[in-house]
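Colleague: A predicted structure for the sequence below; I have some questions about it.
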Amino acid sequence: MSVRKLDLFIGGAWVPASSSEVLDVVNPATGETIAHVPVATPAELDAAAASAAEGFAKWRRTPPAARCAIILRAAGLLRERLESISAVMSSEQGKPLQEARAETLRAAELIEWAAEEGRRTYGQTIPAPDGTRYLTFWEPIGPVLALTPWNFPLVSPARKVGSSLAAGCSCILKPSEITPLSAIELVRAFADAGLPPGVLNLVLGNPAPISRHLLEHDVVRAVTFTGSVPVGKSLSEQAGRLMKPALMELGGHSPVIVFGDVDVEKIAKAAVTAKFRNAGQVCTSPTRFYVQASIYDAFVAAFARHAAALRLGAQGEGTGVMGPVVSERRRKALSDLIEDACAKGARVMTGGKLRAGAGFFLEPTVLADVPAAARIMNEEPFGPVAVFNRFTAVEEVLAAANGLPFGLAAYLFTTNLAAARQVSQELDCGIVGVNSFSGSNPETPFGGNKDSGHGREGGTEGVREYMTLKFIVEGTL
């Protein structure tokens, strides 16, 4: 199998990196190296920043309708290249082809929404004294540094690139070094759509030195990051010192509250689908299940049965297939969490074992009666492990659900409208699903509270994150 050598994209051209240092891209399903990521040098990062400055000077003056047309063409190319991009994504991240196709189409939808929303960044005329006019204008903030994760290697870059470009900004994209191939396909689509040189640049390599160097650069006016809480806090601290806006979409540990009046079989089956999508490597993944005591045993049994029916595989067709986790390091971390929970008294209802052979596969795992002291109750597992506990009183379950420093997403299921309203209002998080596991859509805001970050991606809010409000007073002489 040939190993692909990747290039940087600077000033509208693909350019080889000058350094001989490379990082490996590994197929999680096979353990094979499929590409080498070049490590950008400081000089190349400076070149990307200079290119972004030149691109911004042109792009901000491009009429919104013309910007929209180019961005829509890029989204159209993603749709046209659905099969090839999905195959690339599956090979570098491990998700089955069906999930990769869904992600590619969702990326196109996100870009299309942002493209159109960029034409609707309206200002205001404010009542003023005679002979004076008060006006407000939304303007692009400037070149944006976009840092994206490995779990959704196309959707996350699409959110950030689509919204920042729609706002009139230029962008320097640094995708995860673990999954850079999907981001390269995204950049290629924008280049082929006619995006002017410099408006979008791609750098690759070690994340810490790249983010530090570019965030310190005078050209970069804002940073957007999706990833872990510790890294997000470090970037926010640096951005705050530099007085640069930071959009942070960080980790979660989503609680699911299931009341005793639901259809056990129906909700358990839907919960398994949501939980084990992308092998549970989703920041909004339902993870901590709190089930009312009256249906607890029946619900856990149904959930475990549906989880056990999932097949392990990669690049497979059809439903009911779960791929590997992204790396052996991630699989070992999950195994340690399971072992710790069991040592503290948790019961394994299904799964918990590593699959022998090639690839980083871990069986879908269900743990019941997990003590609050277990690490997995306090640390985001970010993998195919669901934990269960019972509750009796609403006050009790709200205290548990809100008891962690995370506040990204939460879910609740009940036929009682009054209970749904009370609980959804008191959950301390950015996204609440009531009788639904859907919390991320192109037209709606996405983001969290507390340690789960600040700012919102998606919807009208997602474009405005990359803009600044200017107030103009017009007087007469």
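Modeller: It's in. This one's a predicted model, so the numbers in the text were calculated from it and none came from an experiment. Numbers count the residues shown, from 1 in each chain.

Colleague: contacts and neighbour counts: CA atoms only from here.
Modeller: Noted.

Colleague: any weak-confidence spans in the stretch 301-450 of the chain?
Modeller: Applying pLDDT under 70 to the stretch 301-450 of the chain flags the ranges 316-318.

Colleague: And for the helix or strand hosting residue 72, what's in contact with it?
Modeller: Assessed by DSSP states H and E, residue 72 sits inside helix 64-80. Taking contacts as Cα atoms under 8 Å, 6 or more residues apart in numbering, the residues outside helix 64-80 that touch it are 59, 85, 104-105, 107-109, 111-112, 115-116, 118-119, 162, 165-166, 168, 186, 189-195.

Colleague: Among those, name the buried ones.
Modeller: 59, 85, 104-105, 107-109, 111-112, 115-116, 118-119, 162, 165-166, 168, 186, 189-191, 193, 195 (16 or more other Cα atoms under 10 Å).

Colleague: Give me the helices and strands touching the longest helix seen in the chain, please.
Modeller: Taking DSSP state H as the criterion, the chain has its longest helix at helix 97-117. If contacts are counted by 3 or more Cα pairs under 8 Å, 6 or more residues apart in numbering; DSSP states H and E, helix 97-117 sits against helix 64-80, helix 82-93, helix 155-166, helix 459-464.

Colleague: For residue 28, find the nearest of these.
Modeller: Nearest to residue 28, of all the helices and strands packed on helix 97-117, is helix 82-93, at 6.4 Å by Cα to Cα.

Colleague: tell me what the closest one is packed against?
Modeller: Here helix 82-93 touches helix 97-117, helix 181-192, going by 3+ Cα pairs under 8 Å, 6+ apart.

Colleague: mind listing what's buried in that helix?
Modeller: 82, 85, 86, 87, 88, 89, 90, 91, 92, 93.

Colleague: quick one: contacts of that helix?
Modeller: By Cα under 8 Å, 6+ apart, the residues outside helix 82-93 that reach it are 25-29, 34, 78, 95-97, 100-101, 104-105, 150-151, 153-154, 178-179, 181-182, 185, 314-315, 326.

Colleague: next one: stretch 453-469
Modeller: For stretch 453-469, contacts defined as Cα under 8 Å, 6+ apart pick out 110, 113-114, 117-118, 121, 136-142, 144, 159-160, 163-164, 166-167, 169, 222, 229, 232, 246-251, 408, 441-448.

Colleague: First-to-last residue distance for stretch 201-214?
Modeller: Across stretch 201-214, the terminal residues are separated by 12 Å (Cα to Cα, to the nearest Å).

Colleague: and for that stretch, what are the contacting residues?
Modeller: Here stretch 201-214 makes contact (Cα under 8 Å, 6+ apart) with 8-12, 22-23, 37-40, 42, 45-46, 48-49, 51-52, 145, 147, 171-177, 180, 184, 187, 220.

Colleague: Residue 473 belongs to a strand, doesn't it?
Modeller: Yes: checked against DSSP: H, G, I helix; E, B strand; the rest coil, residue 473 lies within a strand.

Colleague: and it, how many neighbours does it have?
Modeller: A count of nearby residues for residue 473, using other Cα atoms under 10 Å, gives 11.

Colleague: Pretty sure it sits against residue 128.
Modeller: No: the criterion here is Cα atoms under 8 Å, and residue 473 misses it with residue 128 at 9.1 Å.

Colleague: The residue nearest to residue 322 when sequence neighbours are not counted: what's it in contact with?
Modeller: Among residues not flanking residue 322 along the chain, residue 312 sits closest, at 5.0 Å (Cα to Cα, 6 or more residues apart in numbering). By Cα under 8 Å, 6+ apart, residue 312 lies in contact with 321, 322, 323, 324, 361, 363.

Colleague: could these be laid out in TSV, adding secondary structure, distance to residue 132 and neighbour count?
Modeller: TSV is the format used below for the contacts of residue 312 (DSSP: H, G, I helix; E, B strand; the rest coil; distance: Cα to Cα, whole Å; neighbours: other Cα atoms under 10 Å):
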residue	secondary structure	distance to residue 132	neighbour count
321	strand	65	23
322	strand	63	28
323	coil	63	31
324	coil	64	30
361	coil	67	28
363	coil	68	22
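
Colleague: wait, which of those residues is closest to residue 216?
Modeller: The closest of those, once distances to residue 216 are taken by Cα to Cα, is residue 324, at 36.7 Å.

Colleague: separation between the closest one and residue 381?
Modeller: In this view, residue 324 and residue 381 are 15 Å apart by Cα to Cα.

Colleague: Now do the same contact list for residue 191.
Modeller: By Cα under 8 Å, 6+ apart, residue 191 lies in contact with 12, 74.

Colleague: Show the backbone phi and psi for residue 292.
Modeller: Here is the backbone geometry of residue 292 (degrees, to the nearest 10): phi -60, psi 140.

Colleague: For it, which residues are in contact?
Modeller: Contact analysis of residue 292 by Cα under 8 Å, 6+ apart lists 257, 258, 259, 260, 390, 391, 392.

Colleague: Thank you kindly, that will do.
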